[in-house]
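Asker: Provided below are the primary sequence and the corresponding predicted coordinates.
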Amino acid sequence: MDEFTRRELSRQISGLHNPVLGGDELFLTTLQRLRTFCAAHGRAPEPAAPSVEENRLGRWVESQRDEAHRGTLSGQRRALLDEALGQGWALEAIKRG
């Protein structure tokens, strides 16, 4: 059995029909979910929210903020997050802390 067939059968058995996204694809997909959330709620997601989706998005934003503080967030990703959340999104953790 070749690798493609093995993966396809594995997806069918497990019910996972979408391949796992990696790198830039995952970032852009999550960024789109973030934009949709912000448009619907008029605010950024909170990492301590009771909603599973808001909680995940909030924790993702926190991890992007951590990368920005460490200097490991790419300029392109930072610009996309600035556009979605506003210029001061990376400083919010400093204000809270």
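Answerer: Structure's in. What do you need? Numbering: from 1, shown residues only.
Asker: what residue lies at the spatial centre of this structure?
Answerer: Centroid-nearest residue in the chain: T30, 3.6 Å away (criterion: CA atoms, centre = their mean).
Asker: mind listing what A44 touches?
Answerer: With contacts defined as CB atoms under 8 Å, 6 or more residues apart in numbering, the neighbours of A44 are L34, C38, G58, V61, L85, W89, E92. Placement of C-beta: from N, CA and C, glycine included.
Asker: quick one: which of those is nearest to E46?
Answerer: G58 (4.8 Å; CB to CB).
Asker: Skip the chain neighbours and tell me the closest residue to that closest one.
Answerer: Excluding its sequence neighbours, the residue lying closest to G58 (CB to CB, 6 or more residues apart in numbering) is P47, at 3.4 Å.
Asker: Torsion angles phi and psi at the one you found?
Answerer: The phi and psi values for P47, taken as degrees, to the nearest 10, are phi -70, psi -20.
Asker: what's whichever strand or helix holds E62 packed up against?
Answerer: Using DSSP states H and E, E62 maps to helix 52-70. The criterion is 3 or more CB pairs under 8 Å, 6 or more residues apart in numbering; DSSP states H and E, and the helices and strands that helix 52-70 contacts are helix 23-41, helix 75-85, helix 92-96.
Asker: I'd like to know which of those is closest to H69.
Answerer: Checking the helices and strands packed on helix 52-70 against H69 by CB to CB gives helix 92-96 as the closest, at 7.5 Å.
Asker: ok and the helix holding E62 relative to helix 23-41, angle-wise?
Answerer: Here the directions of helix 52-70 and helix 23-41 differ by 120 degrees (axes from the mean of the first three to the mean of the last three CA atoms, to 10 degrees).
Asker: can you tell me which of the helices and strands packed on helix 52-70 comes nearest to E67?
Answerer: For these, the distance to E67 is smallest for helix 75-85, at 8.1 Å, taking CB to CB.
Asker: Next, the angle helix 23-41 makes with that closest one.
Answerer: 10 degrees.
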